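A.B. asks: Sequence first, then the predicted structure:
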Number of protein chains: 2
Amino acid sequence: MPDHTRPPEKRVTIYDVAAEADVSPSTVSRAFSRPSRVNSETADRIRRVAERLGYRTNPLARALTTSRTRMIALVIADITNPVYAEIVRGAQEAATDGEYTTVLIDAQESDRLERAAVERTMSTVDGIVLASSRMSDSAIRMVAKQRPVVVLNRALADVPCVVTDDPRGVRRAAEHLGELGHDHITYVAGPQASWPNGIRWRSLLEAGMELEIKVRQIGPFSPTMAGGERAARELCARPATAVLAFNDQMAIGIIRGLSRMGVNVPGDVSVVGFDNILAADIVTPGLTTVAAPLYAEGSAATRHLLTMIAGAPGHTGRPMVLPVRLVVRDSTATRNPGPGRARRQWARNRSAPDPAAHRP
Amino acid sequence: MPDHTRPPEKRVTIYDVAAEADVSPSTVSRAFSRPSRVNSETADRIRRVAERLGYRTNPLARALTTSRTRMIALVIADITNPVYAEIVRGAQEAATDGEYTTVLIDAQESDRLERAAVERTMSTVDGIVLASSRMSDSAIRMVAKQRPVVVLNRALADVPCVVTDDPRGVRRAAEHLGELGHDHITYVAGPQASWPNGIRWRSLLEAGMELEIKVRQIGPFSPTMAGGERAARELCARPATAVLAFNDQMAIGIIRGLSRMGVNVPGDVSVVGFDNILAADIVTPGLTTVAAPLYAEGSAATRHLLTMIAGAPGHTGRPMVLPVRLVVRDSTATRNPGPGRARRQWARNRSAPDPAAHRP
DNA sequence: GCCACGGCGGCAACGGGTTGCCATGTATTG
DNA sequence: CAATACATGGCAACCCGTTGCCGCCGTGGC
């Protein structure tokens, strides 16, 4: 019959080791935290005893006096969004390199949840990376006042930031569409609380001016496939030949929604996404999209945070900008000028949408 | 000129509150941790003072004496795998309900990294959920000896487990393929360190016996799209009409790989996946797959962990089994008996594979 | 032979709560 | 009115390391 009582095995402390090695507890402490401060033979003996007794230093107790937990928090807006997976990987690598542990927090796209989680975790970590935070600027500043913070995908005065070169990405996308003959681009907006959403739209406005391409915006929609499908319905009401979506999930949703209504991508409409998630490569047609260096974002932000924790002032001037690139796949094509067969069908659908159109 | 010195603002402690509210520190402590133990008026006054001073109880200091951090660890095999997103959500919800914070650890499919991370985190958390652990049974038992542990997607004697009804899922998939006329199913194996991989294969063996369907296995391959594409090449060497893949990513990879080589899915080969990730619904053809209740897995495992932490014995008998269901989409079809056009092409590709076949 | 100095180890205070136990003061009971 | 019970608050020890400071001792210089 198995023993169901948890074995008492009290945790081994420096005091146990000290008694066994016949030194004082402070010497044991130093043997681990500042080996140079104690005779190497003594240190060796202590380490052997510690090993034998199975001593592990208690990080909580240590943190209590040093006020360093060697943990950082990484807050992401939505763990369901594959974009963050790579960011997490990058952050984790940088943290591990610096002998830090990452605690990951999923804000579920909610300002409230994010604040609550940050609040709860703040005192347990040495610093925080906010990736695509949904909190208000002032809330972020509040947090930054209490702990080192690096903000990812958002620019904010007085707080160190890492952002991607979205203006350049949008510009490249617009150029690409322009070269394909499109003279009008519709931006399908994501969450208004999302900082990149604003930037992308403004960048498109600007690019439109310079390239003499008309632009307009619809939305906001939820930054998901479902959001994209809703956007597709709205797109049908006010047709477009070129669409730039806030992110890839929406772009994929848009493509699905459109083809369900008999609109061909890229034949009738060209669609460009943002982020270059894995799925962008496996959908049909393959999604043209603006790729961000996700892994690098995570690791750059984290590395910067670690230097701040180590005492560096934190570079609060201009944000650190990471380059993007346009990945051209099959969801963009030269503009179809005349209303061909497919285009006529679209027109037909507009007046009398056939919900079963996608069923063979 | 902004003030670059971090404001000294020492942390407010119970001592500060005590002095201000004119009570002893222990009373302040009790006002928060056991309000019934102190006069409600006093407690109110203390709370007001605490509020005014901005007091927050220090979880580390508390943990030091109570040895309860109110944090649990959730270890997942690969954050890149979308399967875990829902599991994380479920776990997080359950944890939040119990006023626990979840710290997420990504093992990156590595036994070594997983052990290291668990080792590092163990002493900081009250319990651990191991979702699809890649560690050895003995390593897991070791951990379970020191902290409450619930294992997800794996059965292990003497440790509480939550698993899905994979045998039933495989059975349903086999029945489905059988009904479509397939008399031979090839299992494309995932990581050998993955427990479900073994179960799925054994379940297929068993189902094959009962349904009089021949089965065989190829692999192991990495549980990714790339792994699936590699598997597709091997499948071409030893053709099959029905394939059950370890997971959806592999299934998608297989479909891509096959169609690149001119093999039609589901015309020539039917493919079934496992997990029902989001992408299963957006690929072409839509992937037939065995869906697991991911969210429920996460929350069930976490809830069980919390009861263990609260002192319940931990149900180490039979694992808790969650139901699955077969989601039929377009990647499975009736078996194509004669070597039709596409099938002949496949045969051609076998003898002289054309690497450019997928380029129009 | 004396002094200065460096290496090493110990003492004790500290960090910020928690909790067993005791000392009041008040309410209840006989 | 005495005896008892209970509500409330304080004391002090404790959790487990860390660290400033001091003392001891051996060594080397003069």
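C.D. replies: That came in fine, so what should we check first?

A.B. asks: contacts and neighbour counts: CA atoms only from here.
C.D. replies: Will do.

A.B. asks: burial count for whatever residue of the stretch 251-360 of chain A ends up closest to DNA strand C?
C.D. replies: Going by C-alpha to the nearest atom of the strand, DNA strand C is nearest to A:Ile309 of the stretch 251-360 of chain A, at 17.7 Å. Neighbourhood size, A:Ile309 [other C-alpha atoms under 10 Å in any protein chain shown]: 20.

A.B. asks: One more: A:Phe274?
C.D. replies: That count, for A:Phe274 with other C-alpha under 10 Å as the rule, works out to 27.

A.B. asks: was I right about it contacting A:Ala245?
C.D. replies: Yes. Between A:Phe274 and A:Ala245 a contact is recorded at 6.8 Å, counting by C-alpha atoms under 8 Å.

A.B. asks: hmm, back to that, any figure for the gap between the residue of the stretch 251-360 of chain A closest to DNA strand C and DNA strand D?
C.D. replies: To DNA strand D, A:Ile309 is 15 Å away according to C-alpha to the nearest atom of the strand, to the nearest Å.

A.B. asks: List the contacts of that residue.
C.D. replies: By C-alpha atoms under 8 Å, 6 or more residues apart in numbering or on different chains, the contact list for A:Ile309 reads A:126-127, A:148.

A.B. asks: Pull up the residues of the stretch 1-150 of chain A that are close to chain B.
C.D. replies: Within reach of chain B by C-alpha under 8 Å from any C-alpha of the partner chain, the stretch 1-150 of chain A has these residues: A:4, A:58-61, A:63-64, A:79-80, A:82, A:85-86, A:89, A:101-105, A:117, A:120-121, A:123-124.

A.B. asks: how about a cut-off of 6 Å?
C.D. replies: Those residues of the stretch 1-150 of chain A that sit near chain B, judged by C-alpha under 6 Å from any C-alpha of the partner chain, are A:60, A:79-80, A:85, A:103-104.

A.B. asks: Reformat the residues you listed as CSV; add secondary structure.
C.D. replies: Formatted as CSV, the residues of the stretch 1-150 of chain A next to chain B follow (DSSP: H, G, I helix; E, B strand; the rest coil):
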residue, secondary structure
A:Leu60, helix
A:Ile79, coil
A:Thr80, coil
A:Ala85, helix
A:Val103, strand
A:Leu104, strand
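
A.B. asks: circling back to that earlier point, please list which of the contacts of A:Ile309 are also close to DNA strand C.
C.D. replies: Among these, no residue is within reach of DNA strand C (C-alpha under 7 Å from any atom of the strand).

A.B. asks: Return the member of those residues nearest to chain B.
C.D. replies: Nearest to chain B out of the contacts of A:Ile309 is A:Pro148 (C-alpha to the nearest C-alpha; 10.2 Å).

A.B. asks: got the contact list for the residue nearest the centre of chain A?
C.D. replies: Ranked by distance to the mean C-alpha position of chain A (C-alpha atoms, centre = their mean), the top residue is A:Tyr84 at 4.0 Å. For A:Tyr84, the contact set (C-alpha atoms under 6 Å, 6 or more residues apart in numbering or on different chains) is empty.

A.B. asks: Pretty sure A:Pro167 sits against A:Arg202.
C.D. replies: No. At 8.2 Å, A:Pro167 and A:Arg202 do not qualify as touching, with contact defined as C-alpha atoms under 6 Å.

A.B. asks: Going by neighbour count, which of the contacts of A:Ile309 comes out on top?
C.D. replies: The contacts of A:Ile309, ranked by neighbours (other C-alpha under 10 Å): first place A:Gly127, 29 neighbours.

A.B. asks: For the residue nearest to the centre of chain A, identify the helix or strand it belongs to.
C.D. replies: helix A:83-97 (DSSP states H and E).

A.B. asks: Which ones among the contacts of A:Ile309 lie within strands?
C.D. replies: Cross-referencing the contacts of A:Ile309 against strands under DSSP state E gives A:Gly127.

A.B. asks: how about CSV for the contacts of A:Ile309, with distance to DNA strand D and pLDDT added?
C.D. replies: Shown next, in CSV, are the contacts of A:Ile309 (distance: C-alpha to the nearest atom of the strand, whole Å; pLDDT from 0 to 100):
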residue, distance to DNA strand D, pLDDT
A:Asp126, 15, 96
A:Gly127, 18, 96
A:Pro148, 19, 95
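
A.B. asks: Make JSON lines out of the contacts of A:Ile309 and add distance to A:Gly317.
C.D. replies: Below are these laid out as JSON lines (distance: C-alpha to C-alpha, whole Å):
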{"residue": "A:Asp126", "distance to A:Gly317": "22"}
{"residue": "A:Gly127", "distance to A:Gly317": "19"}
{"residue": "A:Pro148", "distance to A:Gly317": "15"}
